[in-house]
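A.B. asks: A structural model of the following input is requested.
(chains A, B and C)
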Amino acid sequence: MSTYVLVHGSWHDGTLWNPVAEALSSNGHAVHTPTVAGHGNGVDKHVDHNDCVQSIVDYFETHDITDAILLGHSFGGTVIARVSEEIPDRIRRLVFWNAFVPQRGNSLLDEVPPHYRDLFGQLAAASDDNTVAMPWDVWREAFIQDADVELARTTFDQLSTEPFTPFTDKLALDRFYKSDIPRSYINATEDTALPPGEWGWHPRMSSRLGMYRLVQLPGSHEVMFTNPKLLAAKIVEAGRD
Amino acid sequence: MSTYVLVHGSWHDGTLWNPVAEALSSNGHAVHTPTVAGHGNGVDKHVDHNDCVQSIVDYFETHDITDAILLGHSFGGTVIARVSEEIPDRIRRLVFWNAFVPQRGNSLLDEVPPHYRDLFGQLAAASDDNTVAMPWDVWREAFIQDADVELARTTFDQLSTEPFTPFTDKLALDRFYKSDIPRSYINATEDTALPPGEWGWHPRMSSRLGMYRLVQLPGSHEVMFTNPKLLAAKIVEAGRD
Amino acid sequence: MSTYVLVHGSWHDGTLWNPVAEALSSNGHAVHTPTVAGHGNGVDKHVDHNDCVQSIVDYFETHDITDAILLGHSFGGTVIARVSEEIPDRIRRLVFWNAFVPQRGNSLLDEVPPHYRDLFGQLAAASDDNTVAMPWDVWREAFIQDADVELARTTFDQLSTEPFTPFTDKLALDRFYKSDIPRSYINATEDTALPPGEWGWHPRMSSRLGMYRLVQLPGSHEVMFTNPKLLAAKIVEAGRD
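C.D. replies: From the prediction side, this is the model:
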């Protein structure tokens, strides 16, 4: 059996993995779902990207995790790419699930289309703690369109504000791009959190991985809520040797 | 429960929705399947695009339909975009199913690849009433390739000739592109009525909708015949709040 | 019932079709699975592309096969395109399953991305018989990523070295591109043997067929091993009238 470390994306915290983690655990795997620094409710939102990375590195060291399949979702892709530079010997494989794989030197914001760049910047400027709150319409239409409206609402209520600085920090990623840790990309075929086409997840992000293992499933950016068992099965396909 | 108005595409008439409409009705929805002016058999084919639009506007007013989920298939996309400009207050959401979303000022013919433009023009010129008849080979190979040959034949026999003028009329669509009526795009993943790639339906047409809800299903351009129950389920996913 | 002739791809021989052929045969179809010249174990590897083509032409003539649905997988696409130039009257339909459809005058090597061109050239130069051996990592990650590791291993053990000259021979294909034999393209949606995007199978290869019938299924480049029954069903959809 394997050890999975699941790193959530923006507006999420580690507890939101529960349905996926339970599906993996029930098949005998060890599953960790840390919350990234500055994420979730009731925490200090003044963090930068290095703080996010360090919080996951610390989690690995505190729990002495080795031989891990390290998965990142969405923003979490920027975190696992950097974590793999810091503690490569603890990682068996990287799995990016509709996740950012920034080009050398880019921030996450460099990788999203202009209308998102403008929207996130405006929302951060309008906040009192430099965070971005998820707008309901974007959540409903572009993130979780495969849910009924009740599930869309209950999950929306579990989101938290996203610190903006980790979106704008530039990431060198030289060691990541030289690494030979095996890597997989999971693509949900109806994911429109990045708009399909020129700015889409796949193959734009996936192709940056060099030789990688592709796994696809039907579903939206938030298929962890709409079909957690299928996502768990696909995580196993992506993570196994 | 919701009210659906389904606007058919070229070579079709409203009666061909029956299997889809029955699946929606059996779940308690109200379903309307008007025939667009100049479409079907035994009617005057000398119509322009405005006549097509007006016939659907008239249908709404005659039946006093409000709060409608207005769906257009293929050519029907050009009709619902225009209808939404005339009677926006009667429409709750627009759903484009492998449908044209013309750019400002374009005709449908401006949006198809050159080989179709030539073919349709030649067929119209060869007719005695400026209509385009669907060629069997195009129907079998590019429109309904997921049917067995018997279903391909029986559905082919139900088609009618398509008036050519609505293909060539230019559509301003200024009000459509300024509207904030919610919109969805349904994409059948094997639809080759427009050739995949540069000239494909998705994301070329869908991305013109701005923020939209994407729903996909397996099937051809004519999945209404080959899998009407699945299409009905996806129409509900696309149309619900 | 129909007659299928299945032409394997690189590193394969005809016997590897067995699970697919059994699924087709059990539905009453006649199935032929010839081995292309220079392929398999214990044979002379010094063949060129014409030898490959001639071996399939000879097979048709020896078995007096007519009215055949001729399918090619991967490299096999280059073979069936050429075979259709030599014996067009024996072929009812061509089916390309994630197969090369080279542009006029191109070799297979002209149609793969630069990193494959380099890799195959280096492997051929390092061999003592101008052949390319499949590297395990490429097989596991890019060719059969939907298998568990046991199936990946047992199938890897059945592969044989690939003669390099048929990869580099230029193919005129003038008669193929003038032919009106009906043609289909089967695309496995997780096939990364060619990297998705600019260099991908579909729609890059498929669109060269002119009007064609598209059939898709989930799976990798080697779905013949991971889901032979589904592939057989899709071959029937692609091959029937």
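A.B. asks: Check whether A:Ala99 really touches A:Leu108, as I assumed.
C.D. replies: No: the pair A:Ala99 and A:Leu108 fails to qualify as a contact (CB atoms under 8 Å) at a distance of 10.4 Å. For every residue, glycine as well, the C-beta is placed using N, CA and C.
A.B. asks: Report the set of residues contacting both of these two.
C.D. replies: A:Phe75, A:Thr78 (CB atoms under 8 Å, 6 or more residues apart in numbering or on different chains).
A.B. asks: In contact with the spatially most central residue of chain A, which residues?
C.D. replies: Centrality entry for chain A: nearest residue to the mean C-alpha point is A:His73, 2.1 Å, by CA atoms, centre = their mean. Taking CB under 8 Å, 6+ apart, we find A:His73 in contact with A:Leu6, A:Val7, A:His8, A:Gly9, A:His12, A:Trp97, A:Asn98, A:Ala99, A:Met224.
A.B. asks: can those residues go into a markdown table with extra columns for pLDDT and secondary structure?
C.D. replies: Shown next, in a markdown table, are the contacts of A:His73 (pLDDT from 0 to 100; DSSP: H, G, I helix; E, B strand; the rest coil):
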| residue | pLDDT | secondary structure |
| --- | --- | --- |
| A:Leu6 | 99 | strand |
| A:Val7 | 99 | strand |
| A:His8 | 98 | coil |
| A:Gly9 | 98 | coil |
| A:His12 | 98 | coil |
| A:Trp97 | 99 | strand |
| A:Asn98 | 99 | coil |
| A:Ala99 | 99 | coil |
| A:Met224 | 98 | helix |
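A.B. asks: A:Gln103: neighbour count?
C.D. replies: By the criterion of other CB atoms under 10 Å in any protein chain shown, A:Gln103 has 13 neighbours.
A.B. asks: rewinding a little: find the nearest non-adjacent residue to the residue nearest to the centre of chain A, please.
C.D. replies: A:Gly9 (4.3 Å; CB to CB, 6 or more residues apart in numbering or on different chains).
A.B. asks: Residues of chain A that sit close to chain C?
C.D. replies: Chain A comes close to chain C at residues A:182, A:184, A:189, A:202-204, A:206-207, A:211-216, A:237, A:240-241, as judged by CB under 8 Å from any CB of the partner chain.
A.B. asks: Could you turn the buried ones of these into a PyMOL selection?
C.D. replies: Remark: buried members of the residues of chain A next to chain C, expressed as a PyMOL selection using 16 or more other CB atoms under 10 Å in any protein chain shown:
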select buried, chain A and resi 182+184+189+202+203+204+206+207+211+212+213+214+215+216+237
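A.B. asks: Filter the residues of chain A next to chain C down to just the ones in helices.
C.D. replies: Mapping the residues of chain A next to chain C onto helices (DSSP state H) picks out A:Glu237.
A.B. asks: which of the residues of chain A next to chain C come close to chain B?
C.D. replies: Answer for the residues of chain A next to chain C near chain B (CB under 8 Å from any CB): A:Thr189.
A.B. asks: Could you tell me which of the residues of chain A next to chain C belong to strands?
C.D. replies: Within the residues of chain A next to chain C, residues falling in strands by DSSP state E are A:Ser184, A:Arg213, A:Leu214, A:Val215, A:Gln216.
A.B. asks: Kindly indicate which of these lies nearest C:Ala193.
C.D. replies: The shortest approach to C:Ala193 among those belongs to A:Leu214, at 10.7 Å (CB to CB).
A.B. asks: number of nearby residues for the nearest residue to the closest one once chain neighbours are set aside?
C.D. replies: Setting aside the residues directly before and after it, A:Leu214 is nearest to C:Thr192 in space (CB to CB, 6+ apart), at 4.8 Å. A count of nearby residues for C:Thr192, using other CB under 10 Å, gives 23.
A.B. asks: same check, this time on A:Met224
C.D. replies: Residues lying near A:Met224 (other CB under 10 Å) number 27.
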